[in-house]
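Student: Starting from these lines, generate the structure:
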Amino acid sequence: MRIKVMVLALFGVMASWQAGADEAAAETGATANPAGAPERVVISGDKLKRTENDSSASVGARNRRQIAESGITTVEDVAAQMANVGTAEGLSIRGVNALGPTGGGGRTITLVMDGVAQDGYGQSINSLSVWDADRVEVLRGPQSTNQGRNSLAGAVVLKTRDPSDLADFSYRLSAGNQNSRRLALAGGGAMVDQVLAGRVSFEQRRRDGDVSNPTRNDPRFNHDDGHTLRAKLRVTPFGERYQALFTLVDAKQRLGSDSVEAVARPISARQNLSNEARNSDNHTRSAALEQTFKVGGADLTLLSTYSHNLFSRVQDYDATELKQGYRTGENVDRQFSQEARANFETALFGRPLKGVAGVYYLNANYSADDMFTVPVSYVLGLTGQCPVQAACDTAYGAEFVKRGNLEGHHTKTRAAFAELDYVIDRLTVTAGVRFDAERQTRVLTGATNGTSPLARMVVGQLIAGGIFSADGMQNLQTDNAVWLPKLGLRYALLPGWVAGLTAQRGYRTGGVDYSYQRGSNAFGPEFTKNYEASLKGVLDNGMMLALNAYRVNWTDQQVNVGRGSLDTFFVNAGSSRLQGLEAELRGKALPQLELFGAVGLARSRFIDFASPQGDFTGKQFARSPRQTVSAGFSWTPGRWLLNGNVVQTGGSYTGPENVDRNDGHTILGGKVSYTLANGVSLFAFGSNLTDRRYITANHLNSVTDRYAVTLGSARQFGFGVQGKI
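Tutor: Numbering: from 1, shown residues only. The predicted model follows:
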C-alpha cells in the first residue's frame with residue numbers, strides 16, 4: 001500500500017511538469033525513422049560504443065517505438081522474436097540454456113538492466129516489464145571480454161528511457177481474458193532547466209493464469225502478479241562536461257506454477273493436482289549511479305551498482321494430490337559492483353584508433369535457508385537401498401525425512417579489460433583482452449532429521465553407513481584466474497556493407513557444489529573458443545540485413561557425475577561443439593510499413609560427456625531448439641496501427657539422453673489500434689491467437705506411474721486505452 005501511495009504522489013508531482021509540454025517535441029525523442037534511413041544506434045551492451053553496422057557482433061534489438069507498436073509487455077516476448085533465441089523452456093541463446101547444457105556453476109547468459117548485471121533469481125526475464133523501455137538487445141555469442149563472468153552464451157540488455165528536459169506524461173490501461181489487467185504510468189521532465197531532470201515509471205499487473213487446481217480449490221494456480229517501479233534522476237551541472245544518472249528500481253513477481261497433470265487428467269484440462277502450494281515470490285531492488293565526464297580527451301565513466309534479490313518459494317515436489325513432501329526456502333542475492341572505464345579516440349601512425357579500457361570489481365553474497373521434506377521411501381530409492389520401490393513405499397509410506405540447509409556464498413571478482421579498433425583504410429583490426437580473478441567461499445550447514453522415531457532411525461543409519469554426508473558445517477574455497485583474448489577483422493566491402501571475422505575466448509566461472517552423499521566439492525571454470533563470420537549492410541530500400549555464422553569448441557565442461565539428485569558432484573570432464581547461423585532483416589520497406597524477419601539455426605553435440613547416468617557422447621544439448629524463425633510487420637495507415645508477428649521454435653530434447661522431446665510450436669500475436677483526434681489510442685492485442693497447445697517441459701516424473709508436463713501459455717487477448725497528457 002505504501003508503494004502505491006508513493007507512486008500516486010510521484011505522478012502527482014510529474015503531472016505538474018506537463019503544463020506547456022510540446023507533445024510533438026516529445027515524439028521526436030522516439031526512434032522513428034523515415035523510409036530509406038536505417039537506424040544508426042549505439043549498441044547499449046558494447047563498451048566500445050559501436051553501432052550495429054560497425055560491429056561484427058550478432059545483435060538482435062528492438063527500440064522503444066517497435067516495442068510499443070507490437071503490444072509486447074515482457075522482455076521474454078521481445079527476445080523470442082530474435083534469431084537463435086529460445087524462451088519456451090527457459091532462456092537459451094544459440095542452443096545454450098541459461099543454466100548450461102550440463103548444469104554447473106554460474107549462468108551462461110547475463111541479464112543487464114540499466115547498467116546493473118542481475119544475479120541469482122533476479123535474472124528471470126519471463127515477467128520482466130518493457131514498459132517505458134528505450135531498447136532491448138540480445139547479444140548472441142560470448143560476451144566474456146565485454147561483460148566478464150557468466151556471459152559465455154550471450155547477454156540480454158534492457159535500457160529504459162532516461163530523463164530529459166522535455167516534459168511528457170503517458171499512461172496505458174488494459175484488461176483481458178484470464179482476468180488480466182495492467183496499469184502503467186510514466187513521465188518526467190526538467191526540474192531545473194539544463195541542470196536537473198527526473199523520470200518515474202510504474203506498472204502493476206495481475207493475471208489469474210491458465211492452470212487451475214481442484215485439489216486446493218484454487219483457480220489462480222498459475223497466477224502472475226507484480227509491479228515495477230523505476231525512478232531516474234539526471235544531473236548536468238556543467239553541461240556536457242559532466243553527467244550523473246541515478247537509477248532506482250523496485251520490481252516484484254508473484255508467480256504460480258505452469259505444470260499440469262498428464263496422467264490422472266488430460267493435458268488439455270490444464271489442471272494441477274498438488275495438495276501443497278507451488279508458488280514463488282521474487283523481489284528485486286537495484287540502484288545504479290553512472291557518472292560520465294571528460295578527462296584529458298577521454299570520456300570517463302564511473303558505474304556503481306547495487307542489487308538485492310529476495311526469492312522465496314513453496315513447492316510441492318510431486319505435483320499430485322498425494323502427500324509426498326514439499327520444499328520451502330528463501331534465497332537472498334546481494335551484489336555491489338564498481339567499474340571505471342575510459343573511452344578514447346586518437347590517431348596512431350596517422351590512422352584512427354578507438355578504444356576502451358577499464359577495471360571492474362564485484363562483491364557478491366548469496367545466502368539460502370531451505371527446508372526439504374521428502375518421503376523416506378523416496379530417499380531410500382534414490383540411494384539404491386530399495387530393490388523394489390513399491391515395497392519401500394508400502395513399508396515407509398507415512399515416514400518423512402526433513403533436511404534443513406543454511407548456506408552462505410561469497411564471491412569477489414577483480415578484472416581489467418581493454419579493447420581497440422584500429423582503422424587501416426577499409427580494414428578495421430580489433431584486439432581485446434580481459435583478465436578476471438575470482439575467489440569464492442562457501443559455508444554450508446546441514447541438519448537432517450525425521451518426522452517419526454522410525455524415520456530418525458533410518459536417517460541415522462544412512463549417515464552412519466556413509467550414504468548421507470554427516471550434518472554440521474562445511475567450508476570450502478576456490479580461486480579462478482582467466483585470460484580472455486579477442487581478435488577480429490572488419491572490411492568495408494561497399495558503402496554501408498561490412499564483412500567481419502572474430503575469434504575470442506569465452507568462459508563460465510567455476511564454483512563449489514554440495515552433495516548430500518559426498519559433501520562439498522570445488523570445480524574449475526569452463527571455456528569456449530569461438531569463431532564467427534559476419535556480413536552486415538543496408539539494402540537499396542533502406543532495410544538492414546545482418547548475417548552471422550559461428551563455430552564453438554567447448555572444453556572443461558562442468559559435468560555432474562553424481563549418482564542421483566541427492567548426489568550433485570561436478571567435475572571438469574566434458575567437451576562439445578556448436579555451430580550455426582543467424583540472419584535478420586528489419587527496417588521500413590515503405591514510409592508506413594516496417595518489416596522484420598529472423599532465422600536462426602543451432603547445432604550442438606557433445607564430444608565427451610560420460611556420467612553415471614549414461615554416456616551422452618554424440619548427443620545434442622537438452623532444451624536446445626535447433627531452429628527459430630520469426631517474421632512480423634507494423635503498418636500505420638493514417639490513425640490506424642496494425643501489427644502482427646509469428647514466431648516458430650523447433651522442438652528439443654528434455655535431457656542429454658535425447659529420448660523425450662518438448663514440442664516445437666508456432667505462435668501468432670498482434671495488435672490493432674486507432675488514435676482519436678485528441679491523441680488517445682484504443683487498442684486490442686493478443687498472443688498465441690490460434691491457442692496452440694505445446695509442451696515446454698515433458699515427463700516431470702514425481703511418483704510411480706504419474707508425471708506432469710509444463711505447457712506454453714494459452715491464448716491471451718485484451719483491450720485497452722493509452723495516451724499522453
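
Student: what is residue 595 paired to in the beta sheet?
Tutor: Applying DSSP bridges to residue 595 yields these beta-bridge partners: residue 587, residue 633.

Student: again, but for the one 5 residues further on
Tutor: Each beta-bridge partner of residue 600 is listed here: residue 582, residue 628, as defined by DSSP bridges.

Student: residues of stretch 295-307 that come out buried?
Tutor: Neighbour-count burial for stretch 295-307 flags 298, 300, 301, 303, 304, 305, 307 (criterion: 16 or more other Cβ atoms under 10 Å). Any C-beta I mention is one placed from the backbone N, CA and C, and that applies to glycine too.

Student: for the record, mean pLDDT for that stretch?
Tutor: The pLDDT scores in stretch 295-307 average 93.

Student: Next: stretch 105-118.
Tutor: The model assigns stretch 105-118 a mean pLDDT of 88.

Student: Export it to CSV, keeping only CA atoms.
Tutor: As requested, the backbone C-alpha atoms of stretch 105-118 are provided in CSV (Å, rounded to 0.1, in the frame of the first residue of the first chain):
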residue,chain,number,x,y,z
GLY,A,105,28.4,-23.1,-11.7
GLY,A,106,27.1,-19.7,-12.8
ARG,A,107,24.8,-18.8,-15.6
THR,A,108,25.8,-18.8,-19.3
ILE,A,109,23.7,-15.7,-20.1
THR,A,110,24.0,-12.3,-18.4
LEU,A,111,21.0,-10.0,-17.9
VAL,A,112,21.8,-6.3,-17.6
MET,A,113,19.1,-3.8,-16.6
ASP,A,114,20.0,-0.1,-16.8
GLY,A,115,23.7,-1.0,-16.3
VAL,A,116,23.1,-3.4,-13.4
ALA,A,117,24.0,-7.0,-14.0
GLN,A,118,21.5,-9.2,-12.3
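
Student: roughly how far out does that stretch sit from the chain middle?
Tutor: Computed by Cα atoms, centre = their mean, to the nearest Å, the chain-centroid distance of stretch 105-118 equals 7 Å.

Student: ok, which stretches of the protein are helices?
Tutor: For the chain, the helices defined by DSSP state H occupy 2-17, 23-28, 64-70, 75-79, 144-147, 376-382, 389-395, 453-464.

Student: If you average pLDDT over each of these, which is lowest?
Tutor: Lowest mean pLDDT of these: helix 23-28, a mean of 36.

Student: that older thread, and the buried residues of stretch 295-307, which is closest to residue 74?
Tutor: Nearest to residue 74 among the buried residues of stretch 295-307 is residue 307, at 19.4 Å by Cβ to Cβ.

Student: you'd agree that closest one is up against residue 115?
Tutor: No. The criterion here is Cβ atoms under 8 Å, and residue 307 misses it with residue 115 at 10.6 Å.

Student: Narrow the buried residues of stretch 295-307 to those in strands?
Tutor: If you go by DSSP state E, these have 298, 300, 301, 303, 304, 305, 307 in strands.

Student: show me what contacts residue 144?
Tutor: 151, 152, 434, 484, 504, 505, 506, 507 (Cβ atoms under 8 Å, 6 or more residues apart in numbering).

Student: would you turn those into a markdown table with distance to residue 602 and neighbour count?
Tutor: Listed next are the contacts of residue 144 as a markdown table, based on distance: Cβ to Cβ, whole Å; neighbours: other Cβ atoms under 10 Å:
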| residue | distance to residue 602 | neighbour count |
| --- | --- | --- |
| 151 | 17 | 29 |
| 152 | 15 | 30 |
| 434 | 25 | 25 |
| 484 | 23 | 21 |
| 504 | 18 | 24 |
| 505 | 20 | 20 |
| 506 | 16 | 23 |
| 507 | 20 | 26 |
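
Student: Output those as JSON lines; include the columns distance to residue 249 and pLDDT.
Tutor: What follows is those, written out as JSON lines (distance: Cβ to Cβ, whole Å; pLDDT from 0 to 100):
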{"residue": "151", "distance to residue 249": "21", "pLDDT": "87"}
{"residue": "152", "distance to residue 249": "26", "pLDDT": "89"}
{"residue": "434", "distance to residue 249": "27", "pLDDT": "95"}
{"residue": "484", "distance to residue 249": "29", "pLDDT": "94"}
{"residue": "504", "distance to residue 249": "31", "pLDDT": "95"}
{"residue": "505", "distance to residue 249": "32", "pLDDT": "94"}
{"residue": "506", "distance to residue 249": "28", "pLDDT": "92"}
{"residue": "507", "distance to residue 249": "29", "pLDDT": "90"}
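
Student: what's the closest of the buried residues of stretch 295-307 to residue 273?
Tutor: Closest to residue 273 out of the buried residues of stretch 295-307 is residue 307 (36.9 Å), distances taken as Cβ to Cβ.

Student: do you know how far the closest one is from residue 509?
Tutor: 18 Å (Cβ to Cβ, to the nearest Å).

Student: hang on, the earlier thing: filter the contacts of residue 144 down to just the ones in strands.
Tutor: 434, 484, 504, 505, 506, 507.

Student: between those residues, which is nearest residue 92?
Tutor: residue 506 (15.4 Å).

Student: For the residue nearest to that closest one when sequence neighbours are not counted, which residues are in contact?
Tutor: With sequence-adjacent residues excluded and distances taken as Cβ to Cβ, 6 or more residues apart in numbering, residue 506 is closest to residue 142, at 2.9 Å. Contact analysis of residue 142 by Cβ under 8 Å, 6+ apart lists 151, 152, 153, 154, 504, 505, 506, 507, 528, 530.

Student: cutoff 7 Å now
Tutor: Residue 142 makes contact with 151, 152, 504, 506, 528, 530, according to Cβ atoms under 7 Å, 6 or more residues apart in numbering.

Student: what do you get for residue 303?
Tutor: Taking Cβ under 7 Å, 6+ apart as the criterion, residue 303 is in contact with 115, 288, 290, 339.

Student: And residue 551, by the same measure?
Tutor: Listed by Cβ under 7 Å, 6+ apart, the contact partners of residue 551 are 531, 579.

Student: same deal with residue 306?
Tutor: 286, 287, 336.

Student: Show me what the nearest residue to residue 489 once chain neighbours are set aside bridges to in the sheet.
Tutor: Counting by Cβ to Cβ, 6+ apart, residue 489 lies nearest to residue 501, which is 5.0 Å off, once chain neighbours are set aside. Counting by DSSP bridges, residue 501 is bridged to residue 489, residue 533.

Student: Check residue 684 too.
Tutor: When bridges are called by DSSP bridges, residue 684 pairs up with residue 672, residue 719.

Student: That one and residue 41, how far apart?
Tutor: 30 Å.

Student: Next one: the closest residue in space to residue 374 that isn't next to it in sequence, what pLDDT does it get?
Tutor: Excluding its sequence neighbours, the residue lying closest to residue 374 (Cβ to Cβ, 6+ apart) is residue 325, at 4.1 Å. For residue 325, the pLDDT comes out at 87.
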